[in-house]
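Novice: what's the 3D shape of this:
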Amino acid sequence: MRVATWNINSIRARTERAVAFLERSGVDVLALQETKCKDEQFPHEAFEALGYEVAHVGYSQWNGVAVVSRVGIDDVEIGFPGMPTWGEPAAAEARAIGVTAGGVRVWSLYVPNGRAIDDPHYAYKLDWLAHLRDAAAGWLAADPGAQVALVGDWNIAPLDTDVWDPAWFAGRTHVTPAERDAFAAIAHAGYTEVSRVHLPAEHTYTYWDYQQLRFPKNKGMRIDLTYASPALAARVTGVTIVRDERKGKGASDHVPVVLDLAEDA
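Specialist: Next up is the predicted model:
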């Protein structure tokens, strides 16, 4: 089984790229972030024509997450238990969707950006991650053998070598000790970031901004990450970061991260 995550940065603008990726990659389950559309605007037909089911949540032109699967979709859950709200009036954003696909509980996650350290959005980000950690710990407490994937755009670079220049990021979000601690708390809850296990090389990136020729200069960030529960981590045989998806016309600024899973014992 092959599971992937990809911040698509507008599914309507990149439907053809997403479909072409599925056709050539053999991915069975694809978690998408930043679909940037309402549910009725998602291009279901393009994926259903390939034999994929779709679960999506989106309320506006911002955020939006989905899972598309050709190994079934069951038990769709919008948001995790205790997920914080944002805005005036406060409401849950379209940042988390969970489904069971091929026996794996797959969560597509789009962690809040944080914006700036002195911005209320930064506190929201940390609170959001703390509640995700609590929910994730609860799933393993209820079923230690559960196969759970927490994948998506985490908007955190866990290590200094996950950004092109730590000095440039001084005083900015994505690299603060509080954010990194919040990310590490998921590991302390029992999960393994399997892309790091299988792709430990430094300066291996998943995101390059569109501005200032960041991609040609390889000034990137590693922020698209893949936590797996113990039972699922044991099945991971390899991880691929599909760097070529950042090339060409109409590319997203992120690339897919693909997990290969052995047959479930």
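
Novice: Can you name the residues that contact Arg172?
Specialist: Applying C-beta atoms under 8 Å, 6 or more residues apart in numbering to Arg172 gives the contacts 116-117. Using the backbone N, CA and C atoms, a C-beta is placed for each residue, glycine as well.

Novice: what helix or strand does it sit in?
Specialist: Counting by DSSP states H and E, there is no helix or strand that carries Arg172.

Novice: how about it, phi and psi?
Specialist: phi -110, psi 170 (degrees, to the nearest 10).

Novice: same deal with the one 4 residues further on?
Specialist: For Thr176, the backbone dihedrals (degrees, to the nearest 10) come out as phi -70, psi 150.

Novice: So what's the residue count around it?
Specialist: Thr176: 18 surrounding residues under other C-beta atoms under 10 Å.

Novice: Nearest residue to it in space, please, no chain neighbours.
Specialist: Computed as C-beta to C-beta, 6 or more residues apart in numbering, the closest residue to Thr176 that is not its neighbour in sequence is Ile117, at 6.5 Å.

Novice: What about the one you found? Give its phi and psi, please.
Specialist: phi -60, psi -30.

Novice: looking at it, it is touching His174, isn't it?
Specialist: No: using C-beta atoms under 8 Å, Ile117 is not in contact with His174; the gap is 10.3 Å.

Novice: quick one, which of the two is more surrounded?
Specialist: His174 (19 against 13).

Novice: quick one: contacts for the more buried one?
Specialist: By C-beta under 8 Å, 6+ apart, the neighbours of His174 are 114, 155-157, 163, 221, 223.

Novice: Now do the strands in the stretch 151-265 of the chain.
Specialist: 192-193, 224-228, 236-241, 257-261 (DSSP state E, counting those that start in this stretch).

Novice: what comes into contact with the shortest one?
Specialist: This points to strand 192-193. 158, 186-187, 225-228, 230, 233.

Novice: go again using 6 Å as the cut-off
Specialist: With contact meaning C-beta atoms under 6 Å, 6 or more residues apart in numbering, strand 192-193 is reached by 225, 227-228, 233.

Novice: mean confidence for it?
Specialist: Mean pLDDT, strand 192-193: 98.

Novice: okay, the residue lying closest to Gly220 once chain neighbours are set aside: pLDDT?
Specialist: Closest residue to Gly220 apart from its sequence neighbours, by C-beta to C-beta, 6+ apart: Tyr205 at 2.9 Å. pLDDT for Tyr205: 98.

Novice: now swap in Ala265 and tell me
Specialist: 65.

Novice: neighbours around the spatially closest residue to Phe215 that is not a sequence neighbour, how many?
Specialist: Ranked by C-beta to C-beta, 6+ apart and with sequence neighbours excluded, the top spatial neighbour of Phe215 is Trp208, at 4.0 Å. Trp208 has 23 neighbours, counted by other C-beta under 10 Å.

Novice: can I assume Trp208 is in contact with Asn218?
Specialist: No: if you go by C-beta atoms under 6 Å, Trp208 and Asn218 don't touch, sitting 7.5 Å apart.

Novice: ok, and the closest residue in space to Ser252 that isn't next to it in sequence, which helix or strand is that part of?
Specialist: Among residues not flanking Ser252 along the chain, Asn9 sits closest, at 4.2 Å (C-beta to C-beta, 6+ apart). Counting by DSSP H and E, there is no helix or strand that carries Asn9.

Novice: So that it lines up with my notes, have the first residue be 48 from now on.
Specialist: Right, with 48 as the first residue, what we last looked at is Asn56.

Novice: so who does Asn56 touch?
Specialist: 81, 299-300.

Novice: any idea how far it is from Glu63?
Specialist: 14 Å (C-beta to C-beta, to the nearest Å).

Novice: which regions of this structure sit below the pLDDT cut-off?
Specialist: Applying pLDDT under 70 to the chain flags residues 312.

Novice: Need the phi and psi values for the residue nearest to Phe262.
Specialist: Residue torsions, per degrees, to the nearest 10, at Trp255 are phi -140, psi 120.

Novice: Which residues lie in contact with it in this structure?
Specialist: 261-262, 267, 293.

Novice: Repeat that for Gln194.
Specialist: 151, 278-279.
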